[in-house]
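Engineer: Sequence first, then the predicted structure, then my questions.
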Amino acid sequence: MASTSHRRSLRRWRTALVSAAAVAAAGLGAVSFVMNANATPVELARQSLPAKDGWAASGSGTTGGSKAGSAHVYHVSTRAQLAKALGNGSDSTPKIIKVKGTIDANGGKSCADYAAGTGYSLAAYLKAYDPKTYGKKMPSGTQEAAREAAETKQKKNMVFKVPANTTIVGVPGTKAGIKGGSLQVQDVKNVIIRNLTFSATEDCFPQWDPTDGSSGEWNSNYDSVTLRGATNVWADHNTFTDAPNFDKSLKTHFGRKYQIHDGALDITNGSDLVTVERNKFTNHDKTMLIGSSDSDTKGKLRVTIHHNVWKGIAQRAPLARIGQIHLYNNFYDTTTVNGYAPKYSLDSRAKAQVVAEHNAWTVPSGGKINKLLSGDGTGSVAGSGNLVNGKACDIVAAYNSASSKKIKTTVNWKPTLTAGLQTSAKSLPVGLLKTTGAGILH
């Protein structure tokens, strides 16, 4: 049975037609159904995003596959079953996909299996494009072509295109998740992703880019979940982690880390009306990108991020560009975990309009509050009620006092879709650790 405080924090799962008092009395905070107007249980897989629950509740709201007929409810536990249920990503018939257990997206294939027959080898690639002999230019030629061929083979296995009007949900009690895979929600509308653990999303064949920064970088593909031109998406109660291969175990080539991980949950290319809530982000570097570049689509990228836990992440929680982003009631623990040392939490740039309110940070001894934010001098962060180590803190003022690229403190919009907003962040560090991530819903 959920605790009293847990029931209160999860009332937003019920429709607006049920009174808060009735919900509290029912004691149903952690069960896998909500109540409709007739007090009829709605099972986990058929739940829609509640009214006013962030940007994804805007317009027609986000219902996913809640209206799916019995012929379009799929139970999957293997890569092949998941791929078949999703199809080619173009069938917009409402569908529900129930994931049981952990699906290995690579189907047991290794990086060596993908490289076989392409002519690619890391040793040959390193020899061909060593900056000392090849120079500071983008790789091209035999080994780069071989790398692309091997990458294509891996992509066919690990990338799953999610069609419109789809709910993908983990079956409670089965440790449901996708290992080594990437859900791609591209140019579609109305998608729900819940109760899943995304782990070990890895690119076997990162590309060397000597022009990235002053020293070059190894760049990988594949976010665990990537939204590109997607609209009305709800990501709820998921866990994102690099486990079991943490960045500290990665080798160094050309003086830079051979990075096999990209984003955890990226929202780019004009995606819009997205709610990200009650997820756990851990053991990851570049966690969430909002806006693919400074020239991403204006008037979109409207995202709500609330009641999430960010622990053991280095940066991008999120990195926000252009859009109207609301962050409330999140908990950030900036303690270094498994080698993931914090660089910053929130980056507001490219004229992003961010409202950050009633969030909580834990900063260990020696940590600097002015490092919680980052920016390019054009972004804004408004809002109040944020706590650092349990005390009220003006995080923007702290950042601006130490930076020449000041973050603006006013925005051009006011959040109204704020279901579940708690006006005190004091309980978040303890409460959210118990109520977020995969495996909580039952």
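Structural biologist: Alright, I've got the coordinates.
Engineer: who's in contact with Glu357?
Structural biologist: By Cβ atoms under 8 Å, 6 or more residues apart in numbering, Glu357 lies in contact with 327-328, 383-386. For glycine as for every other residue, the C-beta is placed from the backbone atoms N, C-alpha and C.
Engineer: Type out the PyMOL command that picks the buried ones from those.
Structural biologist: Listed next is the PyMOL selection for buried residues among those, using 16 or more other Cβ atoms under 10 Å:
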select buried, resi 327+328+383+385+386
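Engineer: Find the pair from the contacts of Glu357 with maximum spatial separation.
Structural biologist: Leu327 and Ser384 (12.4 Å; Cβ to Cβ).
Engineer: So which residues of the stretch 1-150 of the chain form helices?
Structural biologist: Along the stretch 1-150 of the chain, counting by DSSP state H, counting those that start in this stretch, helices occupy 4-9, 20-26, 79-86, 111-115, 122-128, 131-134, 142-158.
Engineer: Indicate which one of those is closest to Ser424.
Structural biologist: Shortest distance between Ser424 and the helices of the stretch 1-150 of the chain, using Cβ to Cβ, is found for helix 4-9: 11.9 Å.
Engineer: picking up where we left off before, can I get the contacts of Glu357 in CSV with pLDDT?
Structural biologist: Listed next are the contacts of Glu357 as CSV, based on pLDDT from 0 to 100:
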residue, pLDDT
Leu327, 98
Tyr328, 98
Gly383, 97
Ser384, 97
Gly385, 98
Asn386, 98
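Engineer: Return the closest of the contacts of Glu357 with respect to Gly108.
Structural biologist: Among the contacts of Glu357, Leu327 lies closest to Gly108 (Cβ to Cβ), at 39.2 Å.
Engineer: Over to stretch 263-282 now: how far is its first residue from its last?
Structural biologist: 12 Å (Cα to Cα, to the nearest Å).
Engineer: and which of the contacts of Glu357 is nearest to Gly291?
Structural biologist: Leu327 (15.0 Å).
Engineer: Double-check that that closest one belongs to a strand.
Structural biologist: Yes. Counting by DSSP: H, G, I helix; E, B strand; the rest coil, Leu327 falls inside a strand.
Engineer: so what's it closest to, chain neighbours aside?
Structural biologist: Ala356 (4.4 Å; Cβ to Cβ, 6 or more residues apart in numbering).
Engineer: Other residues contacting stretch 130-137?
Structural biologist: Residues contacting stretch 130-137 (Cβ under 8 Å, 6+ apart): 128, 210-211, 216, 254.
Engineer: and the two most separated of these?
Structural biologist: Farthest pair in those (Cβ to Cβ) is Ala128 and Thr211. Separation: 16.8 Å.
Engineer: ok, those two, which is more surrounded?
Structural biologist: Neighbour tally, Ala128 and Thr211, criterion other Cβ atoms under 10 Å: the higher count belongs to Ala128, 18 against 10.
Engineer: ok, now how distant is the closest residue to that one other than its chain neighbours from Lys257?
Structural biologist: Ranked by Cβ to Cβ, 6+ apart and with sequence neighbours excluded, the top spatial neighbour of Ala128 is Gln143, at 4.4 Å. According to Cβ to Cβ, to the nearest Å, Gln143 and Lys257 sit 20 Å apart.
Engineer: Mind checking which of the two has more residues around it?
Structural biologist: Gln143 (21 against 15).
Engineer: any idea which helix or strand carries the closest residue to His358 other than its chain neighbours?
Structural biologist: Distance criterion Cβ to Cβ, 6+ apart; nearest residue to His358, sequence neighbours excluded, is Gly385 at 4.1 Å. Element membership for Gly385, per DSSP states H and E: none, as it lies in no helix or strand.
Engineer: give me phi/psi at Gly385?
Structural biologist: phi 80, psi 10 (degrees, to the nearest 10).
Engineer: residues contacting it?
Structural biologist: By Cβ under 8 Å, 6+ apart, the contact set of Gly385 is 357-358, 392, 423-425.
Engineer: can you check Arg79 too?
Structural biologist: By Cβ under 8 Å, 6+ apart, Arg79 lies in contact with 103-107, 157, 181.
Engineer: ok, 6 Å please
Structural biologist: 103, 105, 107 (Cβ atoms under 6 Å, 6 or more residues apart in numbering).
Engineer: Got a quick PyMOL command for the buried subset of the residues you listed?
Structural biologist: In PyMOL syntax, the buried subset of the contacts of Arg79 is picked out as below (16+ other Cβ under 10 Å):
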select buried, resi 103+105
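Engineer: Please produce a markdown table containing the contacts of Arg79, extended by distance to Ser220 and pLDDT.
Structural biologist: Converted to a markdown table, these look like this (distance: Cβ to Cβ, whole Å; pLDDT from 0 to 100):
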| residue | distance to Ser220 | pLDDT |
| --- | --- | --- |
| Ile103 | 21 | 98 |
| Ala105 | 15 | 97 |
| Gly107 | 20 | 92 |
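Engineer: In strands, which of the contacts of Arg79 fall?
Structural biologist: Ile103 (DSSP state E).
Engineer: who's in contact with the residue nearest to Ala128?
Structural biologist: Neighbour list for Gln143: 124-125, 128 [criterion: Cβ under 6 Å, 6+ apart].
Engineer: at 10 Å instead, please
Structural biologist: By Cβ atoms under 10 Å, 6 or more residues apart in numbering, the contact list for Gln143 reads 118-129.
Engineer: Same question for Ser365.
Structural biologist: Applying Cβ under 10 Å, 6+ apart, the residues near Ser365 are Asn389.
Engineer: how far away is it from Leu428?
Structural biologist: Using Cβ to Cβ, Ser365 is found at 21 Å from Leu428.
Engineer: didn't Thr102 look like it was pressed against Gly170?
Structural biologist: Yes. Counting by Cβ atoms under 10 Å, Thr102 touches Gly170, with 9.5 Å between them.
Engineer: anything in contact with each of the two?
Structural biologist: With Cβ under 10 Å, 6+ apart, Thr102 and Gly170 have common neighbours 176-178, 196-197.
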